[in-house]
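*Asks:* got a sequence here, can you build the structure:
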Amino acid sequence: MLFPDSLGAPSAISVSALALYLKEVLETNDILQNIWVHGEVSNCKNYPSGHCYFTLKEGDAQLPCVFFKHARLRAAAPSLRDGMALAVNGRVSFYERDGKLQFYVDAVMSLGEGALFRKFEQLKARLEAEGLFDSARKRPLPMQPTIIGIVSSPQAAALRDMIRTLRNRYPLAQVVFAPALVQGAEAPASIAAALDLLNEHGEADVIIVGRGGGSIEELWAFNEEVVARAIARSRIPVISGVGHETDFTIADFVSDHRASTPTGAATAAVPDITDWQKDLADKQQVLTALILDQLADLKDQMTYITRDLQRASPQNTIIQRRQQLDEYTDRLQTHMQHIISLQAERLRGVSLQLHSLSPLLTIARGYAVVRQQDQTVVTSVQQVQPGDVLTIQVKDGQLSAEVRPS
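*Replies:* Just a heads-up that it's a prediction; the model follows:
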């Protein structure tokens, strides 16, 4: 309520005061403190603490519910999941921090499966019977894709996460984006058309169909038959990355590979280049070690071969032979010198003998040597005839003489 102040201007109460007032109004209404409400469970989240948060839906209306651990244990309640039809007992209150009305559950009663869950199971059974889920028809993902096709909403944070993951893991790949609605009545046809468009384009090696988490209604487009058929007829392998780890859709069963999240789908689509870099570094280290080992072995072999060559080398023999040659040369020179000395002595002896026998000595004493023209020594008058010309050798020269009769 607004109350005018002394100046006529209205005064306002604080948000905290209003929230507390709403909380008191709801909690003091006896009808709202012990009431049964029925609907279908959606967006169910079970936390490690044991608390369960979900939305109870019917038609276009929804009611946020909280089922605390102590209440679950006291009521021996079964595990809740999306698609269950429940009747819940509890009270209505106002949660000041989030500014929203909440239903605090004390007990639950299962009413079977909800309409959405039954629709999901019926389509799943029919497509499975057709063989669309068979592992034999699922194709392997390319090891090194060149082009990645993505079907998602342009405004989705999941799209940014996928592109960032692809760039970080494998910047060599290109991305071809086919925008589509991923939520609402027109989303199934939009997703199917985007898949068909990428197949017509034909350059993508793999296609990612993804969106972030949400309630069963928000993810329902991926449970529609038109999307399942589009994935099944795709000539290009398809990876589904819809919602969170616990979310399963019909698209997951038909796709060639199911990832728990859009980021997981991007991770599955491409290799991690850091793994390649690490593997390359490891191989380079191994190769370097092998080369160094090989070089060390070759060095050892070279050392052994050098030693063998040195041992087998003729150099040592040549050195030895040179030394022997020097020794032989020295000995030969000594021997030759000795022989020459002996021959010189002999020559001197013969010379002395010749000298002592030389007619020159006789001539020197006043004798002469008479020779015919043919140098024959005349020792008898019988050797010459009158008219022969003779040569007479005396001490200091030669004389010519003619023989005359006596």
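
*Asks:* now do the helices in the protein.
*Replies:* Per DSSP state H, the chain carries helices over the ranges 15-27, 69-75, 115-130, 157-169, 187-201, 225-233, 250-254, 262-269, 273-312, 314-357, 359-364.

*Asks:* quick one: contacts of the second one?
*Replies:* Read it as helix 69-75. The contact list for helix 69-75 (CB atoms under 8 Å, 6 or more residues apart in numbering) reads 49-52, 77, 104-108. Yep, even glycine has a C-beta here, placed from its N, CA and C like the rest.

*Asks:* now these in JSON lines, with pLDDT and distance to residue 330?
*Replies:* What follows is the contacts of helix 69-75, written out as JSON lines (pLDDT from 0 to 100; distance: CB to CB, whole Å):
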{"residue": "49", "pLDDT": "90", "distance to residue 330": "112"}
{"residue": "50", "pLDDT": "90", "distance to residue 330": "114"}
{"residue": "51", "pLDDT": "92", "distance to residue 330": "116"}
{"residue": "52", "pLDDT": "93", "distance to residue 330": "117"}
{"residue": "77", "pLDDT": "81", "distance to residue 330": "122"}
{"residue": "104", "pLDDT": "94", "distance to residue 330": "126"}
{"residue": "105", "pLDDT": "93", "distance to residue 330": "125"}
{"residue": "106", "pLDDT": "91", "distance to residue 330": "129"}
{"residue": "107", "pLDDT": "87", "distance to residue 330": "129"}
{"residue": "108", "pLDDT": "87", "distance to residue 330": "125"}
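
*Asks:* quick one: which of the residues you listed is nearest residue 16?
*Replies:* Closest approach between those and residue 16, by CB to CB: residue 104, at 20.6 Å.

*Asks:* identify the residues contacting the closest one.
*Replies:* Each residue near residue 104 by CB under 8 Å, 6+ apart is listed here: 65-66, 68, 71, 90-93.

*Asks:* for those residues, which one is nearest residue 241?
*Replies:* Using CB to CB, residue 65 is the member of those that sits closest to residue 241, with 28.5 Å.

*Asks:* what's the burial count for that closest one?
*Replies:* Residue crowding around residue 65 was assessed by other CB atoms under 10 Å; the count is 23.

*Asks:* neighbouring strands for the longest strand along the chain, and are they parallel or not?
*Replies:* As assigned by DSSP state E, the longest strand anywhere in the chain is strand 100-113. Applying DSSP bridges, strand 100-113 is found paired with strand 61-67 (parallel), strand 84-95 (antiparallel).

*Asks:* now for the ones you listed, which one comes closest to residue 156?
*Replies:* Nearest of the strands paired with strand 100-113 (CB to CB): strand 61-67, 22.4 Å.

*Asks:* off-centre distance for the closest one?
*Replies:* Here the centre of strand 61-67 is set off from its chain's centre by 52 Å, with CA atoms, centre = their mean, to the nearest Å.

*Asks:* I'd like the numbering to begin with 118 instead of 1 from here.
*Replies:* Sure thing, new numbering starts at 118, so read that last one as strand 178-184.

*Asks:* tell me which residues of that strand are tucked away?
*Replies:* Neighbour counts over strand 178-184 (16 or more other CB atoms under 10 Å) mark 179-180, 182-184 as buried.

*Asks:* send me it as CSV with only the CA atoms.
*Replies:* Presented in CSV, the C-alpha positions along strand 178-184 are these (Å, rounded to 0.1, in the frame of the first residue of the first chain):
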residue,chain,number,x,y,z
ALA,A,178,0.7,-23.6,-16.3
GLN,A,179,3.7,-24.5,-14.2
LEU,A,180,4.5,-24.7,-10.5
PRO,A,181,8.1,-24.6,-9.2
CYS,A,182,8.5,-27.3,-6.5
VAL,A,183,11.1,-28.1,-3.9
PHE,A,184,11.4,-31.6,-2.3
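
*Asks:* state the mean pLDDT of it.
*Replies:* The average pLDDT within strand 178-184 is 92.

*Asks:* any of the contacts of helix 186-192 buried? List them.
*Replies:* Burial by neighbour count, 16+ other CB under 10 Å: within those this picks out 169, 194, 221-225.

*Asks:* need these in JSON lines (columns: distance to residue 478).
*Replies:* Formatted as JSON lines, the buried ones among the contacts of helix 186-192 follow (distance: CB to CB, whole Å):
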{"residue": "169", "distance to residue 478": "160"}
{"residue": "194", "distance to residue 478": "165"}
{"residue": "221", "distance to residue 478": "169"}
{"residue": "222", "distance to residue 478": "168"}
{"residue": "223", "distance to residue 478": "172"}
{"residue": "224", "distance to residue 478": "172"}
{"residue": "225", "distance to residue 478": "168"}
